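> quick one: sequence plus predicted model below, questions after.
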Amino acid sequence: MAYSKITVPQGSKITVNDNNSLNVPDHPIIPYIEGDGIGIDVSPVMLEVVDAAVSKAYGGRRSIAWMEVYAGEKATGIYDQDTWLPQETLEAFKEFAVGIKGPLTTPVGGGIRSLNVALRQELDLYVCQRPVRWFKGVPSPVINPGDVDMVIYRENSEDIYAGVEWKAGSPEADKVIRFLKEEMGVSKIRFDTMCGIGIKPVSEEGTKRLVRRALQYTIDNDRSSMTLVHKGNIMKFTEGAFKDWGYEIARDEFSAELLDGGPWMSMTNPNNGKQIIVKDVIADAMLQQILLRPAEYDVVATLNLNGDYISDALAAEVGGIGIAPGANLSDKVAIFEATHGTAPKYAGKNMVNPGSIILSAEMMLRHMGWFEAADLIIKGMDGAITAKTVTYDFERLMEGATLLSSSEFGEAVIRHM
Ligand SMILES: NC(=O)C1=CN([C@@H]2O[C@H](COP(=O)(O)OP(=O)(O)OC[C@H]3O[C@@H](n4cnc5c(N)ncnc54)[C@H](OP(=O)(O)O)[C@@H]3O)[C@@H](O)[C@H]2O)C=CC1
Ligand SMILES: O=C(O)CCC(=O)C(=O)O
Ligand SMILES: [Mg+2]
């Protein structure tokens, strides 16, 4: 397609087969969003680290043709002041199938709705996959951070997080409240004037497509359990239904059977005959469990808001959101992204940890089947951290560490590849 502000570089497109596998050319065009705030500090470092890994792994036979696309504050300068998420940015991610992004600002209370959420909704990126594991030497507030090795599958398109809500005192909020009281017989709204209203949609289809992907990941990666995390004791028809539908799909599509009379289930990994446990935990208890007994959890499937909270809490156990990576996936499109935000107080200071977006790029390379380059990134990160050459967030918690800027950390990662 013809783009107005995006310059398409020399290179070829990644294409997606009917069975959702990828055809990755040797010089793929990959769209990226730099991001607001600290995006300017971390995204250029990520590009350099990835280029170095690809060059070292394939000696020029392969390379990435990076294509900048715009969203957030940068888009308002390039398009016009009201264009935060240009249509052609969405088209580019669709056309090129694999991309990566830095963080984008969302004002609290009023102002624009989250561009991150909009991107996920517009492209139906219904899986938010966030692996959390410890790198040797990373400072941690827990005694055995090596026990933390989980992969979160967060539902990314539904829930109270989707932004179906109305402001207190607005005609819309008042109308919904009137409808609830007069037509639905609701008497439990404690204060019915000046009351904001939010809606929490959770569907069978939305839940099942997420849990199906989580179970398949569990099988493909030889993981030992998949835990459904929900607050179904209180929100019975949304979070409770998520749990029920999750078990249902394990039974119907993966031949899981009740374990000791249920509700936990057991299924067999068809690749190696090993047992996989399918279980559930209530969300508040889970936040305690991941601190006290992380070794008991492996793949986690949960709703949108729970997944947001749990992923930051888990990240804190293994060094913080400065190095926690993530991916947003549909069946056809994948956008990898840092899990942290725009950290405005550090923007432009070349201070923050670029690890989150670098490790997101590492996930992207694996998704493309470029395993050798992905392995080099892990080796480089491992090497830089083990040598205690780190950014401020790690340096302040490590004894005898050398403080590096964002770009110097990138150089250290490259040196250790
Ligand atoms: N996917 C996305 O694009 C996301 C966007 N956001 C948006 O970002 C904005 C700011 O959100 P906020 O709640 O402050 O969260 P942030 O993640 O931006 O920052 C919170 C704190 O986390 C630490 N931190 C974040 N990134 C890094 C990094 N790369 N290296 C080291 N430390 C880091 C810093 O801690 P310390 O001060 O201790 O050094 C920082 O003050 C909001 O508009 C929010 O909506 C938020 C999350 C995700
Ligand atoms: O969109 C935002 O501003 C926040 C999103 C977020 O915190 C997340 O997805 O982890
Ligand atoms: Mg978050």
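That came through, no problem. Ligands and ions are numbered 1, 2, ... in the order given.

> just the buried residues of stretch 339-347, please?
The neighbour-count check on stretch 339-347 (16 or more other C-beta atoms under 10 Å) flags Thr339, His340, Gly341, Thr342, Ala343, Tyr346, Ala347 as buried. C-beta coordinates here come from the backbone N, C-alpha and C atoms, glycine included.

> what's the answer for stretch 57-75, then?
For stretch 57-75, by 16+ other C-beta under 10 Å, it's 57, 62, 64, 66-75.

> biggest separation within these, which pair?
Spatial extent of those (C-beta to C-beta) is set by the pair Ala57 and Glu73 at 34.3 Å.

> among the buried residues of stretch 57-75, which lie within strands?
Residues of the buried residues of stretch 57-75 located in strands (DSSP state E): Trp66, Met67, Glu68.

> for ligand 2, state which of the residues you listed is nearest.
Nearest to ligand 2 among these: Glu68, at 20.5 Å, using C-beta to the nearest ligand atom.

> go through this structure and flag its longest helix.
Taking DSSP state H as the criterion, the chain has its longest helix at helix 39-58.

> returning to what we had before: filter the ones in strands among the buried residues of stretch 57-75 down to the ones near ligand 1?
For ligand 1, no contacts are drawn from these by C-beta under 6 Å from any ligand atom.

> now, which of these sits nearest ligand 1?
The closest of these to ligand 1 turns out to be Glu68 (C-beta to the nearest ligand atom; 16.7 Å).

> report the secondary structure state of the closest residue to that closest one other than its chain neighbours.
Closest residue in space to Glu68, ignoring its immediate chain neighbours: Tyr32 at 6.2 Å, by C-beta to C-beta, 6 or more residues apart in numbering. When classified by DSSP: H, G, I helix; E, B strand; the rest coil, Tyr32 comes out as strand.

> could you report the pLDDT at Tyr32?
Looking at Tyr32, its pLDDT stands at 98.

> equivalent analysis for Phe135, please.
Reported pLDDT for Phe135: 88.

> tell me how far it lies from ligand 1.
According to C-beta to the nearest ligand atom, to the nearest Å, Phe135 and ligand 1 sit 14 Å apart.

> over to Glu204?
Using C-beta to the nearest ligand atom, Glu204 is found at 27 Å from ligand 1.

> hmm, back to that, would the longest helix of the chain count as contacting ligand 2?
No. Counting by C-beta under 6 Å from any ligand atom, ligand 2 has no neighbours in helix 39-58; the shortest distance is 12.6 Å.

> now Asn116. Its backbone dihedrals?
Backbone torsions for Asn116, taken as degrees, to the nearest 10, come to phi -70, psi -50.

> nearest residue to it in space, please, no chain neighbours.
Closest residue to Asn116 apart from its sequence neighbours, by C-beta to C-beta, 6+ apart: Leu104 at 5.4 Å.
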